[in-house]
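Novice: Provided below are the primary sequence and the corresponding predicted coordinates.
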Amino acid sequence: KGKPVYYKVPDPDVYYAMQAAQPLMSPLLRRLKGMTNFARGVMVVNPLFWFRQLIREPLQASMVGKVGMVTPFDTIAAIGRITAGKSEGYKKLRSKGVIGPVDVIKDPIEFAKVAFGDKNFVVRRWEDVKHIHEIVDAGTRVAVYDKAKADGLSKGMDEETASDYATMRAR
């Protein structure tokens, strides 16, 4: 009836499937899309891109995240917590689809097969590189999430509301 309706999807696997669903495309567009995804994939796994993320993302988050100043040190600290497996913000943002397998490298195994052939060692190394990209990309979002959640809790929000508020800010 012309009004937006929102549904909460409790299963993260269903959520990821819905996010990654691709519309039917003509064979030509599929080939062009494959070449575009390959080019993007090569760009985002470049260590210089990761370094740039440490500078650019905190600056952008400081301007639009509405959580105060986010520095590269906040991002590096968040990356450290993610790598150590101690970041609740990372787990929460991943479960809500803000970060994770919904980025430009949707299927790293297929990307590796196209780029290098079907070699198990190469595919495993590609998974490692993709995981590094995901962590670097998530670092600033997790820093924003952590700051926004703390802000929400300090304003009297309950845990779930503060988490939703922080997720919105991280998005």
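Specialist: Structure's in. What do you need? Numbers count the residues shown, from 1 in each chain.

Novice: C-alpha from now on. contacts and neighbour counts both.
Specialist: Will do.

Novice: for this protein, what helix or strand is lowest in average pLDDT?
Specialist: helix 108-116 (a mean of 58; mean pLDDT, DSSP states H and E).

Novice: Which SSE is immediately downstream of that one?
Specialist: helix 120-154 (DSSP states H and E).

Novice: Just the buried residues of that next one, please?
Specialist: By neighbour count with 16 or more other C-alpha atoms under 10 Å, helix 120-154 contains the buried residues 122-123, 126-127, 129-153.

Novice: Likewise for stretch 163-171?
Specialist: 163-167, 169-170.

Novice: For my notes, please list these in JSON lines and give distance to residue 98 and pLDDT for each entry.
Specialist: What follows is the buried residues of stretch 163-171, written out as JSON lines (distance: C-alpha to C-alpha, whole Å; pLDDT from 0 to 100):
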{"residue": "163", "distance to residue 98": "13", "pLDDT": "92"}
{"residue": "164", "distance to residue 98": "12", "pLDDT": "91"}
{"residue": "165", "distance to residue 98": "13", "pLDDT": "91"}
{"residue": "166", "distance to residue 98": "11", "pLDDT": "91"}
{"residue": "167", "distance to residue 98": "8", "pLDDT": "91"}
{"residue": "169", "distance to residue 98": "11", "pLDDT": "89"}
{"residue": "170", "distance to residue 98": "8", "pLDDT": "88"}
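
Novice: so where do the helices sit in this protein?
Specialist: Ranges of helices within the chain are 12-20, 27-44, 47-64, 72-83, 88-95, 108-116, 120-154, 159-170, based on DSSP state H.

Novice: would you list these in TSV and tack on distance to residue 3?
Specialist: Formatted as TSV, the helices of the chain follow (distance: least, C-alpha to C-alpha, whole Å):
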stretch	distance to residue 3
helix 12-20	21
helix 27-44	32
helix 47-64	27
helix 72-83	38
helix 88-95	27
helix 108-116	37
helix 120-154	29
helix 159-170	21
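
Novice: Sort out which one of the buried residues of stretch 163-171 lies nearest residue 58 for me.
Specialist: Residue 58 has its nearest neighbour among these in residue 170, at 11.4 Å by C-alpha to C-alpha.

Novice: Least confident of the helices of the chain, on average?
Specialist: In terms of average pLDDT, helix 108-116 trails the rest of these, at a mean of 58.

Novice: Would you mind extracting the C-alpha trace of stretch 130-143 into PDB?
Specialist: Output of stretch 130-143 as PDB, limited to C-alpha atoms (Å, rounded to 0.1, in the frame of the first residue of the first chain):
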ATOM      1  CA  LYS A 130      40.000 -12.400   1.700                       C
ATOM      2  CA  HIS A 131      39.800 -12.800   5.500                       C
ATOM      3  CA  ILE A 132      42.500 -10.100   5.900                       C
ATOM      4  CA  HIS A 133      40.600  -7.800   3.600                       C
ATOM      5  CA  GLU A 134      37.400  -8.400   5.700                       C
ATOM      6  CA  ILE A 135      39.100  -7.600   8.900                       C
ATOM      7  CA  VAL A 136      40.800  -4.500   7.600                       C
ATOM      8  CA  ASP A 137      37.500  -3.300   6.100                       C
ATOM      9  CA  ALA A 138      35.600  -4.100   9.300                       C
ATOM     10  CA  GLY A 139      38.100  -2.400  11.700                       C
ATOM     11  CA  THR A 140      36.600   1.100  11.400                       C
ATOM     12  CA  ARG A 141      33.100  -0.100  11.500                       C
ATOM     13  CA  VAL A 142      33.800  -2.000  14.600                       C
ATOM     14  CA  ALA A 143      35.400   1.000  16.200                       C
END
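
Novice: Since that was my last question, I'll sign off now.
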